[in-house]
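Q: Sequence plus the predicted model coming up.
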Amino acid sequence: MTTPVAGPPAVEAAPRPPLARPRSGRVLAGVATGTAAHLRQDPLVVRVAFVVLAALAGVGVILYGLLWLTMPVAEPGAEPVVDLSSSTPRSRRQLIGLGVLGLVGVSLFSQLLSGSSGNIVLPLVLVAAGLAVIWRQLDVDRTLAVPGVRWVLTGGFALAAGGVVLLLATTGQLANARNGFAATLVILVGIVLATAPLWRRLLDSRAAERAARIRSEERAAVAAHLHDSVLQTLALIQRHADDAQAVSRLARGQERELRTWLYEPEVATGGTWAGLVARIVAEVESDHELTVDPVVVGDAPVDDALVALGAATREALVNAAKHSGATSADLYTEVDGVRVSVFVRDRGAGFDPSSVPADRRGLRDSVTGRLTRLGGTAEIRSAPGEGTEVELELPREVAA
Amino acid sequence: MSVTEDATVRVFVVDDHAMVRAGVRAELGNEVAVVGEAADVAGAVEGIRATVPDVVLLDVHMPGGGGRAVLESLRAELPSVRWLALSVSDAAEDVIAVIRAGARGYVTKTISGSDLLAAVRRVADGDVVFSPRLAGFVLDAFAAAPPAPAEDPATDPGLDLLSAREREVMQLLARGYTYREIGSRLFISVKTVESHASNVLRKLQLSNRNELTRWAATNRLL
């Protein structure tokens, strides 16, 4: 083959692509395409070369076969670039190519045996076609679990077997072949039995390798997540070691994030009320000196009304953080068939709702006003020294 | 109500992390007597058998089967021991599994020292401990619609539903109210609140509701 051993010292900047057969864009087995990519030639040139060589007493065919056997299949993603300008669908082109190759091979073969009758052409065609189908299916590591592949394989085997039987029948060797077949079968069974442990070990090690690969991929995913979250936070905590407030806030935020990731993946990804509440709590906790224990019962997809309710909830939490003096608050929200309720409770200073100080206007305007516009209600219960509870209730349109 | 008044509560701590055990010991301080601790299932079973404490603080996740293994091997043998689950996990199935195995309550490891002490005392007195989160899980599990009638006619259908009052109590617990505050809000005595909570715990342990069955099945309780 024409591997450029004596080529001039690399003029081109990019290295030559490795000699490998692509996974897609093949006509036959991708030998020509892969070679062309390696040699930086048009695939057509390589193909013509193969055909010309094939005409020279079949050298091209033998070369093609050898290359097919020795060239590795390209790694996914690292494929030789293939220009697919042809309008013929790939699989059909591949099939036609295989057919032509088979016919050429068979006619060459029958010419070699030109002395005998032409009756053997048909059986040979059948064998060749069957083998071509089987090879084509097993060449790429297609999974055998795909039902179509199994049927195609079965068909290929049947075709090849039929061809062999027909060949033997036409040449009158069927009776001889039967004896030979029996002997071969015995030998094969013997070999299989003798090497059975080896096969088993091979299969076992393959399964173990697969399991190990899956495990290591999972580990890599977990490691990636932990690196982006926990390790970063631990680094931050070390830097803020002398600031107790910051440390506890970081630890808490990280704990919540990790917990959600571990136990409630749907909350972490989905646009639901529970996820929205979790985000609101995370924001409030990171902005203010307040820890919030949210308890969410039921869930619903977020709509505009729930976004507004979320904003009101956030306002109530911020109010508790700013004015109650408490360091923690309880948040309870329940979604049922007819309404969404939110309770924000702190055990802080409390106030007399009848004499609302000026700085509490925010609560009244942003929370009560918002809820009224949505057709819901907001109630604030508080007394000096007894903490505050804000209750928000929003009727829910039941999806018909 | 007698235990706390007669003598100090005797507590046994089971957790595989030495740091957690030391922290719990420090937080409980001199108010209770920590009579022993264990780091694994075998050690816990042995130690609890030897000391017969009033309350066992039980870690849910441990090598060798977790807290539930300890509970299951000792619960019938030592009926006087009360169990309080202590865990870092907030996953619903863990909470439900350990309650169904017989724990009288569930608190997370982030609980404050005084709250932990109160919970230990409450459990020692035979009451149950509902954190807001546990109350939320209960409300979720016993969500509004009643389940399909049970196949087994021997099952009490009442076990699968919360009464209106029990729901109210659970909701207030989830909102962060104490038993006392719930009593005064609903105009009932603290004792009545406690008995509602005990009933809910019993239902949680005995009910066949689909959600509970599913949780139990994932943990191979069935």
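A: Looks like it came in fine. This one's a predicted model, so the numbers in the text were calculated from it and none came from an experiment. Numbers count the residues shown, from 1 in each chain, chains lettered A, B, ... in the order given.
Q: Pick out the residue in chain A sitting closest to chain B.
A: Residue nearest to chain B within chain A: A:D330 (2.9 Å; CB to the nearest CB). Every residue, glycine included, has its C-beta placed from N, CA and C.
Q: what's the burial count for that residue?
A: Neighbourhood size, A:D330 [other CB atoms under 10 Å in any protein chain shown]: 22.
Q: what are the phi and psi angles of it?
A: When quoted as degrees, to the nearest 10, the phi and psi of A:D330 stand at phi -100, psi 140.
Q: Just the pLDDT for it.
A: Per-residue pLDDT puts A:D330 at 89.
Q: helix or strand right after the helix or strand of chain B with the lowest mean pLDDT?
A: Sorting the helices and strands of chain B by mean pLDDT, DSSP states H and E puts helix B:3-6 at the bottom, at a mean of 47. Using DSSP states H and E, the helix or strand that follows helix B:3-6 in sequence is strand B:10-14.
Q: Just the CA atoms of the helix or strand just after that following strand, as PDB, please.
A: Where DSSP H and E defines the elements, the next helix or strand beyond strand B:10-14 is helix B:18-28. Output of helix B:18-28 as PDB, limited to C-alpha atoms (Å, rounded to 0.1, in the frame of the first residue of the first chain):
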ATOM      1  CA  ALA B  18     -17.800  10.200  66.300                       C
ATOM      2  CA  MET B  19     -18.200  13.900  65.700                       C
ATOM      3  CA  VAL B  20     -22.000  13.700  65.800                       C
ATOM      4  CA  ARG B  21     -22.000  11.600  68.900                       C
ATOM      5  CA  ALA B  22     -19.700  14.100  70.700                       C
ATOM      6  CA  GLY B  23     -21.900  17.000  69.500                       C
ATOM      7  CA  VAL B  24     -25.100  15.300  70.700                       C
ATOM      8  CA  ARG B  25     -23.400  14.600  74.100                       C
ATOM      9  CA  ALA B  26     -22.400  18.200  74.400                       C
ATOM     10  CA  GLU B  27     -25.700  19.600  73.400                       C
ATOM     11  CA  LEU B  28     -27.700  17.300  75.800                       C
END
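Q: wait, does helix B:18-28 make contact with chain A?
A: No: with CB under 8 Å from any CB of the partner chain as the criterion, chain A is not reached by helix B:18-28; the gap is at least 14.3 Å.
Q: Contacts for that helix, please.
A: Defining contact as CB atoms under 8 Å, 6 or more residues apart in numbering or on different chains, one finds that helix B:18-28 is touched by B:11, B:13, B:15, B:34, B:37, B:39, B:57, B:59, B:86, B:109, B:112-113, B:116-117, B:120.
Q: Show me which of these is closest to chain A.
A: After measuring those against chain A - CB to the nearest CB - the closest member comes out as B:S112, at 9.1 Å.
Q: low pLDDT regions in chain B?
A: Low-confidence segments of chain B (pLDDT under 70): B:1-7, B:89-91, B:144-160, B:208-222.
Q: Report the central residue of it.
A: The geometric centre of chain B, computed from its C-alpha atoms, lies nearest to B:G105 (CA atoms, centre = their mean), at 1.6 Å.
Q: Skipping adjacent residues, who's closest to the residue in chain B that chain A sits nearest to in space?
A: Residue nearest to chain A within chain B: B:G176 (2.9 Å; CB to the nearest CB). Closest residue to B:G176 apart from its sequence neighbours, by CB to CB, 6 or more residues apart in numbering or on different chains: A:D330 at 2.9 Å.
Q: again with B:V14
A: B:A44 (4.3 Å).
Q: one step back: so who does the residue of chain A closest to chain B touch?
A: For A:D330, the contact set (CB under 8 Å, 6+ apart) comprises A:292-293, A:295, A:343-346, B:132, B:175-176.
Q: roughly how far apart are it and A:A194?
A: 73 Å (CB to CB, to the nearest Å).
Q: which helices and strands does the helix or strand that A:A49 is a member of pack with?
A: Assigning secondary structure by DSSP H and E places A:A49 in helix A:43-55. Helices and strands touching helix A:43-55, by 3 or more CB pairs under 8 Å, 6 or more residues apart in numbering or on different chains; DSSP states H and E, are helix A:31-39, helix A:59-70.
Q: Quick one: work out the angle between that helix and helix A:59-70.
A: Interaxial angle, helix A:43-55 versus helix A:59-70 (axes from the mean of the first three to the mean of the last three CA atoms, to 10 degrees): 120 degrees.
Q: Only the buried residues of helix A:43-55, if you could.
A: Across helix A:43-55, burial judged by 16 or more other CB atoms under 10 Å in any protein chain shown covers A:43, A:46-47, A:49-50, A:53-54.
Q: Distance from that helix to the middle of the chain?
A: In terms of CA atoms, centre = their mean, to the nearest Å, the centre of helix A:43-55 is set 39 Å apart from its chain centre.
Q: Check stretch A:276-283 too.
A: Mean-position distance between stretch A:276-283 and its chain equals 30 Å (CA atoms, centre = their mean).
Q: three-state assignment of the residue of chain B closest to chain A?
A: On the three-state scheme (DSSP: H, G, I helix; E, B strand; the rest coil), B:G176 is labelled coil.
Q: give me every residue that touches it.
A: Contacts for B:G176 (CB under 8 Å, 6+ apart) come out as A:293, A:329-330, A:332, A:345, A:347, B:132.
Q: Backbone dihedrals for it, both of them.
A: Per-residue torsions, B:G176: phi 100, psi 10 (degrees, to the nearest 10).
Q: does any part of stretch B:74-87 sit near chain A?
A: No: Stretch B:74-87 is not in contact with chain A by CB under 8 Å from any CB; minimum separation 11.8 Å.
Q: end to end, how far does that stretch reach?
A: Counting by CA to CA, to the nearest Å, you get 19 Å between the two ends of stretch B:74-87.
Q: So which bits of that stretch are buried?
A: Neighbour counts over stretch B:74-87 (16+ other CB under 10 Å) mark B:74, B:81-87 as buried.
Q: Reformat those residues as a markdown table; add secondary structure.
A: Formatted as a markdown table, these follow (three-state DSSP):
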| residue | secondary structure |
| --- | --- |
| B:L74 | helix |
| B:V81 | coil |
| B:R82 | strand |
| B:W83 | strand |
| B:L84 | strand |
| B:A85 | strand |
| B:L86 | strand |
| B:S87 | strand |
